[in-house]
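Asker: output the structure for:
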Amino acid sequence: MRFFPGKDPASGDAYQCDAISQVIVPRTVDLGDFAVRRALPSARTRMVGPFIFFDHFGPAEFHAGNGLDVRPHPHIGLATVTYLFDGEIMHRDSLGTAMAIRPGEVNWMTAGRGIVHSERTRPERRVDGEPIHGLQMWVALPAAREEMEAGFAHHATAEFPVIKENGKNVRVVVGSLYGASSPVPTVHETIFGDVHLKAGTSLPLDASHEERAIYIIEGVVDIAGDKFEPGRLLVFKPGDAVTITAVNNTHFVIVGGAPMDGPRHIWWNFVSSRKERIEQAKADWKAGHFDKVPGDEIEFIPLPDK
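Answerer: Just a heads-up that it's a prediction; the model follows:
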């Protein structure tokens, strides 16, 4: 699910750089132990490539005895992408998967026709408190693959190619960037890169991918004389050459890919090209027709009233 409740993001101010089509300022929701920032979907930008949902949570620290507790809940028509910078999250799903994710790893869960999962902090990691910092993203599935079999894949940090050169460090997590390709299989052209730049270094953004954006995690970037602070999603125009310069030591991610094959409806944790399919998923969850999560069968998140 969306790990945390959040409000729709807002558009930022106009900037001089012609290559930027929109600057999205996520709405921040304070959840006590930490904050979450939601960058997608926004009023003007519903998707960037297949990315239809983008949450940045933390950095923060759970107090001793506390942790993350996202109860079992369903998904259809999408794949969830979980990527951590700090901490650990225990994933369980209705396929029988039980897998902890740690920084630099990827959990790629394909919902397809339907899956249920939970995300929690393991008991042994609650004793002294637990840091948490990362991203949860959803990618829409092509209409022809929305009803594909559900699946789960975990990829370790060592699997991803890393490009290091003159103060630039780019981990290619999904898709192909700068001549390197990730081992993560996808059903639609998708890119996701984790980038660190030392102060004063520059990185050209590959223009071969039609839809591209960067989300700034830490530091300040300069693009054509405009400076952008952390917590901004910069959406670029197709085909335009863009160079990103680090004002100080900077950390950001690149997301995007090919445009999706039409608009998508999104309601709660359900995504589909067809409204009637979402209505069916709502009825199925309310009636208890989705599979249970082995090892987490007792609790669940009820269908929202609206």
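Asker: spatially central residue in this protein, please.
Answerer: For the chain, the residue nearest the mean C-alpha position is Met137 (1.9 Å; CA atoms, centre = their mean).
Asker: how many residues are close by the nearest residue to it once chain neighbours are set aside?
Answerer: With sequence-adjacent residues excluded and distances taken as CB to CB, 6 or more residues apart in numbering, Met137 is closest to Val81, at 4.4 Å. Just so you know, the C-beta spots here come from the backbone N, C-alpha and C atoms, and that holds for glycine as well. By other CB atoms under 10 Å, the residues close to Val81 number 24.
Asker: the residue nearest to the centre of the chain contacts Phe57, correct?
Answerer: No. Contact criterion CB atoms under 8 Å: Met137 and Phe57 do not qualify, at 11.4 Å.
Asker: just give the number of residues close to the closest residue to Glu210 other than its chain neighbours.
Answerer: Distance criterion CB to CB, 6+ apart; nearest residue to Glu210, sequence neighbours excluded, is Pro238 at 4.8 Å. By other CB under 10 Å, the residues close to Pro238 number 13.
Asker: check Arg113 too.
Answerer: 14.
Asker: so for stretch 95-113, what gets flagged as buried?
Answerer: Neighbour-count burial for stretch 95-113, with 16 or more other CB atoms under 10 Å as criterion, is recorded at Leu95, Thr97, Ile101, Gly104, Glu105, Val106, Asn107, Trp108, Met109, Thr110, Ala111, Gly112.
Asker: pretty sure the fifth one sits against Leu84.
Answerer: Spelled out, that is Glu105. Yes. In this structure, Glu105 is within contact of Leu84 by CB under 8 Å, at 7.1 Å.
Asker: which residues touch the residue nearest to the centre of the chain?
Answerer: Met137 makes contacts with Phe51, Phe53, Phe54, Asp55, Thr80, Val81, Thr82, Tyr83, Phe192, Val255, as judged by CB atoms under 8 Å, 6 or more residues apart in numbering.
Asker: mind redoing it with 6 Å?
Answerer: With contacts defined as CB atoms under 6 Å, 6 or more residues apart in numbering, Met137 is in contact with Phe51, Phe54, Val81.
Asker: can you say which helix or strand has the last one in it?
Answerer: Per DSSP states H and E, Val81 falls inside strand 78-87.
Asker: that strand: what's the following helix or strand?
Answerer: Next along from strand 78-87, by DSSP H and E: strand 89-93.
Asker: counting by contacts, list what the next helix or strand after that following strand packs against.
Answerer: Using DSSP H and E, the helix or strand that follows strand 89-93 towards the C-terminus is strand 98-101. Secondary-structure packing of strand 98-101 (3 or more CB pairs under 6 Å, 6 or more residues apart in numbering; DSSP states H and E): strand 89-93.
Asker: for the spatially closest residue to Pro183 that is not a sequence neighbour, give me phi and psi.
Answerer: Spatial nearest neighbour of Pro183, excluding adjacent residues (CB to CB, 6+ apart): Glu159 at 5.2 Å. Main-chain torsions, Glu159, degrees, to the nearest 10: phi -70, psi -20.
Asker: with Asp226 instead?
Answerer: Backbone phi and psi, for Asp226 under degrees, to the nearest 10, turn out to be phi -90, psi 140.
Asker: now it: how far from Ile20?
Answerer: Distance, Asp226 to Ile20, by CB to CB, to the nearest Å: 8 Å.
Asker: who's more crowded, these two?
Answerer: Taking neighbours as other CB under 10 Å, Asp226 and Ile20 compare with Ile20 leading, 21 against 15.
Asker: list the contacts of that one.
Answerer: Leu234.
Asker: many thanks, we can stop here.
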